[in-house]
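> Need the 3D shape of this:
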Amino acid sequence: METRTRTFGTRGPVNPACNYVVPRTEEIADLGRRIKDGRYIVIFAPRQTGKTTFFRWALDTLDETYLPIQLDFEAYKNISQEEFYACLKEDIRQ
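Numbering: from 1, shown residues only. Alright, predicted model coming up:
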């Protein structure tokens, strides 16, 4: 059986089967508690530090009553408020 060597992910979400990762179990549990407490949450960090991966892993721990929506405001910076709300409505519908 061939053993695959892990690599350091340098772009996009990491895949634990292929990339080295730091488990963020305690941080993910803390995020879940904050969400359940109705707290406002921002994930803010420099580029390529695992924000998207952390967010996706955290979503997997939430129960099905939550409707998480991931917004990338860079994608909306050149559109009108009406267009933004139309896009948001479509994302929620999906």
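> Need the per-residue pLDDT for the residue nearest to the spatial centre of the chain.
The chain has Phe55 as the residue nearest its centroid, 2.6 Å off, counting by Cα atoms, centre = their mean. According to the prediction, Phe55 has pLDDT 86.
> I'd like to check which residues are in contact with it.
43, 70 (Cβ atoms under 8 Å, 6 or more residues apart in numbering). Just so you know, the C-beta spots here come from the backbone N, C-alpha and C atoms, and that holds for glycine as well.
> Sketch out the low-pLDDT regions of this structure for me.
Along the chain, segments meeting pLDDT under 70 span 1-2.
> Go again with 80.
Counting by pLDDT under 80, the chain contains low-confidence residues at 1-4, 11-13, 48, 69-72, 94.
> pretty sure the residue nearest to the centre of the chain is in a helix, no?
Yes. Judged by DSSP: H, G, I helix; E, B strand; the rest coil, Phe55 forms part of a helix.
> What's the separation between it and Ile69?
Counting by Cβ to Cβ, to the nearest Å, the separation of Phe55 from Ile69 is 11 Å.
> and if you look at Arg47?
22 Å.
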